[in-house]
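# Give me a 3D structure for the following:
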Amino acid sequence: MSNRLANETSPYLRQHQDNPVDWFSWGQEAFDLARERNVPILLSVGYSACHWCHVMAHECFEDLETANLMNRLFVNIKVDREERPDIDALYMDAVQAMSSRGGWPMTVFMTPDGHPFFGGTYFPKPSFTQLMNAINDAWHNRRDDIDNNIAALVESLGRTAQIAPDESLPTIDLFHRAVSDLSKSFDAQWGGFGGAPKFPSTMSLDLLIRSYLNDASETVGNIVTTTLDAMASGGMYDHLGGGFSRYSVDEKWLVPHFEKMLYDQALLVRVYTHAAVVFNQPKWQQIVEETVEYILRDLRHSQGGFFSAQDADSLDDLGHSHEGHFYVFTPAEIRAILPEELVDTALQWYEISDTGNFEGSNILTRLNNRGEFKRTREVDDIRSRLLTARSKRTWPLLDDKVLTEWNAMMTASLVEAAVLFDRSDWLDAARKNGEFMLRELRDDTGNWFRSWQESGQPQARHRALAADLANLIDAFTRLGEATGKSSWITHAREVADQLLENYWDETNFGLFTIANDAEQLIVRQKDLIDNATPSANSTAALALMRLAALTGDAKYETAALNILRLFTRITASAPSAFGNLLSAVHLQSAGITEIVITGSRTDLLGHVQKRWLPTAVVAWGEQYDSPIWADRPQGFAFVCQNYTCAAPAGTIDELNAAFRSALN
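So this is what the prediction gives:
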């Protein structure tokens, strides 16, 4: 018999609907019952593509003996961290404070009013059983110890809201320090930063590309080139289907953690696009094209939304679940799929051996031919045949919820790639995604939701968080720049106004994660650190500065600068941990160049759109209320700063001269 999670829209929660655990979703019903029974709450947080979440579910939550103990001693709540990152961030901070480590699945024991007092990550059944009995004993016999732990812990959980802004803005010196720090941690042999496990570090790479535009440093160029080549050559990149896995468990990017997340695709499309244009590297454009092809083929809803993830695990022919099974091949499987004359080429190109490189099988790679991605017609045929054969296997679970933050992030990246590579089909997909979000993730009052799932009743759930709205501003602004349609700028302004009205901290500045009128947790936090995804505050700072330049509305620039002031002191301690924020610092320091093209000058517009201009905004097409359009005669390009422009450019040569003056 199914439990309450059968009524949820999250695929992760639905995975647990047949557990014997008496699961609740997050909500008042669970807290009231815990208070009535005088028992702690056991909070379990994970996500659908998490391998160790599946392991603990199989060992503990599907086990009747363990479930009975959980039900007897606790009220049990299950949370999808992707639907509720506010809950996840709060209690992950608690777990890290208590245990000095974190990860998923996350297991937290807390009072009926939501205060955590013990936590950890994955527990095998014997340890979990022992822990639950110990928690029960402490709850009934040593409550004073628990209360003492809570008091100290809660104070530390609210620290992000207590950070006071500095009177001064962060300086460009912090940007340069981050470049220096990244140079020191760079792995010259395998690319990336530090040792295993290795993550893509997309925001750090984007920061380095901005730095390279400033001074064409050979050192920085080598870091970017080595890392992008190495990541796309290893098994973290899907050489058949396109797209990237979450991270590599080794230093050489060979063995990935096989889940494929939408946000990783968004951020990697972004950095490979920027690098392909700046370094004039068609091979990185190829990686972008294959990744976008994967997204539009495997992660897109028919109405335009993008799905969240594909699982790390999949079933073999006997129905047993294995991490990465969907993606790996043996030489025998290659021989069974391909005609004999193609076998040797396939084994050589994808570096497939009898011994294998992963549990007796082979992750397809180009590690021994780093950066060599251009395929012959024969290899293209091999790739197509192998992809077709692979598609007949049992697919990894698709997490088909549509998240506002990740969709907006993907659309912003897709718009940039579409413009820079002249792909109208990609721009159309981005436009349809923007329209999907406006239609499906916003209520009649204009308030936004975080999550949508087609079979849900209702389909859209959970109040949007600051990161959702910050990314929407960026996506809508870029759609306006790319399409010349003024409606997108209007939408960006509407979202920005809502963000500043409902999430802004009037005392210490910056954005709270949760809206003023939304459900409040035990403390109110701010999302400040650039982790796997850019923080809400760094994203907002960048997006608001760009929107201010396009609209001339000073309140957006004021808010962006006040966000930056929050970071003046904290960024100094570890500048390389604030990659996206420091890109905002770079933009503020350099100043924004406004490029305006009036009338029908597709030649001038096309010339502008061939270059990645991280410190510029572009206005063309339909005019809107802004000084950016004031007194501009038709048929010219204007290159301006603070709306003061160089002479009108009527030719490509004149436009290049204006660029040299404004952008150097």
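# quick one: the strands in the stretch 551-664 of the chain?
For the stretch 551-664 of the chain, the strands defined by DSSP state E, counting those that start in this stretch occupy 593-597, 616-620, 637-641, 644-645.
# can you redo the ones you listed as TSV with mean neighbour count, mean pLDDT and distance to residue 236?
Using the backbone N, CA and C atoms, a C-beta is placed for each residue, glycine as well. TSV is the format used below for the strands of the stretch 551-664 of the chain (neighbours: other C-beta atoms under 10 Å; pLDDT from 0 to 100; distance: least, C-beta to C-beta, whole Å):
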stretch	mean neighbour count	mean pLDDT	distance to residue 236
strand 593-597	23	97	36
strand 616-620	24	98	32
strand 637-641	23	96	40
strand 644-645	14	92	45
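# and residue 38, which of those strands is closest to it?
strand 616-620 (58.1 Å; C-beta to C-beta).
# May I ask which helix or strand of this structure has the lowest mean pLDDT?
Lowest mean confidence among the helices and strands of the chain (mean pLDDT, DSSP states H and E): helix 143-157, at a mean of 86.
# Just the buried residues of that one, please?
Neighbour counts over helix 143-157 (16 or more other C-beta atoms under 10 Å) mark 146, 149-150, 153, 157 as buried.
# got it, and stretch 302-309?
Neighbour-count burial for stretch 302-309 flags 304-309 (criterion: 16+ other C-beta under 10 Å).
# got a list of what residue 539 touches?
Counting by C-beta atoms under 8 Å, 6 or more residues apart in numbering, residue 539 touches 467, 470-471, 474, 580.
# mind running it again at 6 Å?
470-471 (C-beta atoms under 6 Å, 6 or more residues apart in numbering).
# Quick one: mean pLDDT for the strand or helix carrying it?
Using DSSP states H and E, residue 539 maps to helix 536-551. What helix 536-551 shows for mean pLDDT is 98.
# In PDB, list the C-alpha atoms belonging to that helix.
Below are the C-alpha coordinates for helix 536-551, written out as PDB (Å, rounded to 0.1, in the frame of the first residue of the first chain):
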ATOM      1  CA  ALA A 536      21.100  33.800  -5.700                       C
ATOM      2  CA  ASN A 537      22.900  37.000  -4.700                       C
ATOM      3  CA  SER A 538      25.700  36.800  -7.200                       C
ATOM      4  CA  THR A 539      23.300  36.000 -10.000                       C
ATOM      5  CA  ALA A 540      21.100  38.900  -9.000                       C
ATOM      6  CA  ALA A 541      24.000  41.300  -8.900                       C
ATOM      7  CA  LEU A 542      25.000  40.500 -12.400                       C
ATOM      8  CA  ALA A 543      21.500  40.400 -13.800                       C
ATOM      9  CA  LEU A 544      20.400  43.600 -12.100                       C
ATOM     10  CA  MET A 545      23.400  45.500 -13.300                       C
ATOM     11  CA  ARG A 546      22.700  44.500 -16.900                       C
ATOM     12  CA  LEU A 547      19.000  45.200 -16.600                       C
ATOM     13  CA  ALA A 548      19.800  48.700 -15.100                       C
ATOM     14  CA  ALA A 549      22.000  49.400 -18.100                       C
ATOM     15  CA  LEU A 550      19.200  48.400 -20.600                       C
ATOM     16  CA  THR A 551      16.400  50.300 -18.800                       C
END
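# contacting residues around the most centrally placed residue in the chain?
Central residue check for the chain by C-alpha atoms, centre = their mean: the C-alpha nearest the mean position is that of residue 263, 3.2 Å away. Contact analysis of residue 263 by C-beta under 6 Å, 6+ apart lists 406, 409, 533.
# From residue 47, how far off is it?
In this view, residue 263 and residue 47 are 12 Å apart by C-beta to C-beta, to the nearest Å.
# Could you do residue 427 as well?
From residue 427 over to residue 47 the distance is 30 Å, taken as C-beta to C-beta.
# now residue 454
Residue 454 is 19 Å from residue 47, by C-beta to C-beta.
# who's more crowded, these two?
Neighbours were counted for residue 454 and for residue 47 using other C-beta atoms under 10 Å; residue 47 has more, 23 against 14.
# ok, now which ones touch the more buried one?
Going by C-beta under 6 Å, 6+ apart, residue 47 touches 12, 81-82.
# State the phi and psi torsions of it.
Dihedral pair for residue 47: phi -160, psi 160, per degrees, to the nearest 10.
# Now do it, the pLDDT please.
94.
# quick one, phi psi at the closest residue to residue 199 other than its chain neighbours?
Nearest non-adjacent residue to residue 199, counting by C-beta to C-beta, 6 or more residues apart in numbering: residue 247, 4.5 Å away. Reported as degrees, to the nearest 10, the phi and psi values for residue 247 are phi -160, psi 170.
# before we move on, what about residue 358?
Here is the backbone geometry of residue 358 (degrees, to the nearest 10): phi -160, psi 100.
# and it, how many residues sit next to it?
17.
# Name the residues linked to it by a beta bridge.
residue 361 (DSSP bridges).
# just to revisit the earlier point, out of the contacts of residue 263, which comes closest to residue 479?
Closest approach to residue 479 among the contacts of residue 263 (C-beta to C-beta): residue 409, at 13.2 Å.
# I figured that closest one hits residue 267, correct?
No: between residue 409 and residue 267 there is no contact under C-beta atoms under 6 Å: 7.2 Å.
# quick one: which of the two has more around it?
residue 409 (29 against 25).
# Against which helices or strands is the host helix or strand of that one packed?
Assigned by DSSP H and E, residue 409 belongs to helix 404-420. Judged by 3 or more C-beta pairs under 6 Å, 6 or more residues apart in numbering; DSSP states H and E, helix 404-420 is in contact with helix 262-278, helix 424-440, helix 466-483.
# And the next helix or strand past the last one?
From helix 466-483 onward toward the C-terminus, using DSSP H and E, the following helix or strand is helix 486-502.
# Work out the gap between that following helix and the centre of the chain.
A distance of 22 Å separates the centroid of the chain from that of helix 486-502, by C-alpha atoms, centre = their mean, to the nearest Å.
# before we move on, what about stretch 319-337?
Worked out by C-alpha atoms, centre = their mean, stretch 319-337 lies 29 Å from the chain centre.
# One more: stretch 163-173?
On C-alpha atoms, centre = their mean, the centre of stretch 163-173 falls 26 Å from the chain's centre.
# now stretch 138-145
With C-alpha atoms, centre = their mean, you get 40 Å for stretch 138-145.
# Go ahead and name everything in contact with that stretch.
For stretch 138-145, contacts defined as C-beta under 6 Å, 6+ apart pick out residue 40.
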